[in-house]
Structure formats: structure tokens, C-alpha cells
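Student: next comes the sequence, and after it the predicted model I'd like to discuss.
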Amino acid sequence: MKMDKRIKQLKFIASIFQMSMKEFNNVMGPETIQTIFRLIGENQGSTTEKRIREKYDIKSWTVQELAEKLLSDVFEPALGENQALIDVKGNEMTIILKTCPFKKAGINIDNKFYCTYTEGLIETIANKAMNKVEFESQKLRAIDKCDCIFKITFQI
């Protein structure tokens with residue numbers, strides 16, 4: 001019984017969220033909404049990098065260590081096991097996200113609002129961990145209808 005009640009509550013919250021996003025878009029426009037989600041992602045990125053650094057007592061990140069912690073402590077909890085791949089070659093990291101947690105939750109991602117959250121999250125974690133980075137979104141599910149691909153080049 002409790003689970004049924006909780007599911008109804010979550011469905012209500014999701015419904016309100018979807019209606020709110022539609023009205024926010026009507027009132028503020030897509031650029032403002034994308035900026036807001038980018039800022040939320042950046043704030044979460046700062047908090048997440050600090051939490052992981054403290055959890056593992058990391059004094060100085062390596063690219064490989066950052067890749068491992070992104071998988072275990074960021075992507076797998078949000079996306080599920082084997083839903084993200086990270087390839088490290090020298091000072092370059094390529095991140096492939098095979099699923100979108102927003103789309104998985106039934107949210108329409110075509111407007112790219114939620115992509116800016118993910119971009120802000122990943123870029124900020126990388127910047128906080130390794131300082132100077134170049135970040136590029138190479139493919140986004142919302143636009144390209146495929147896995148999301150992000151490339152980070154570290155200035156080591």
C-alpha cells in the first residue's frame with residue numbers, strides 16, 4: 001500500500017514538473033531555461049567533485065583516477081551499470097553516455113534543457129579536479145538521437 005501511495009505522489013510531482021517546464025519555457029524562453037539548467041549542473045559539479053575528492057582523500061587527481069570515479073560515483077548511480085563508457089588516451093577523455101536519465105524518466109529532451117545540466121556537471125567536475133580543460137559536446141541524444149559523447153582535453 002505504501003508503495004502505491006508513493007508512486008502516485010511521484011507521478012503527481014512529475015506531472016507538475018512537466019507543466020511547470022512548459023510554462024517556464026513560454027514565459028522565459030528556451031535560452032533562459034538552458035542557462036538555469038547549466039548553472040544547476042555547474043553547482044552540482046562543484047559539490048560532486050568535492051564530495052568524491054574528500055570520500056577518497058584525493059590530494060591530486062590523475063586523468064585515469066577521474067575517469068574511474070566519474071564512472072563509479074557519478075554515472076553508474078544515475079544511469080545504471082554499463083550505461084557509460086570512458087576512454088582515456090593521454091590527456092584526452094571521451095565520455096559516452098548510453099542512456100539519458102531524463103528521457104528514462106519520461107521527460108521530453110528535445111528542447112536540450114537537460115543536456116545543459118549534464119554539460120555543466122561534467123565540465124565543472126573536470127575543471128575542479130584538473131583545472132584547465134577544454135570541453136566539447138560532440139553528440140547529444142536530444143539533437144543527434146544517439147548516445148551522448150563528450151570530449152575533455154586536459155592541459156597537463
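Tutor: Right, received. Where do you want to start?
Student: residue nearest the middle of the chain, spatially speaking?
Tutor: The centroid of the chain falls nearest to residue 118 when counting by C-alpha atoms, centre = their mean (2.7 Å).
Student: how about the contacts made by that one?
Tutor: 41, 97, 148 (C-beta atoms under 8 Å, 6 or more residues apart in numbering). All C-beta spots, glycine's among them, are computed from the backbone N, C-alpha and C.
Student: confirm it sits in a helix?
Tutor: Yes. Inclusion of residue 118 in a helix is indicated when DSSP: H, G, I helix; E, B strand; the rest coil is applied.
Student: need the per-residue pLDDT for it.
Tutor: The score at residue 118 is 97. That number is its pLDDT.
Student: equivalent analysis for residue 38, please.
Tutor: 97.
Student: do I have it right that it meets residue 120?
Tutor: Yes. Residue 38 lies in contact with residue 120 (C-beta atoms under 8 Å); the separation is 4.4 Å.
Student: what about these two, which has more around it?
Tutor: residue 120 (23 against 20; other C-beta atoms under 10 Å).
Student: does the closest residue in space to the more buried one that isn't next to it in sequence count as helix, strand or coil?
Tutor: Using C-beta to C-beta, 6 or more residues apart in numbering and skipping the chain neighbours, the partner closest in space to residue 120 is residue 41 (2.7 Å). At residue 41 the chain is in helix, as set by three-state DSSP.
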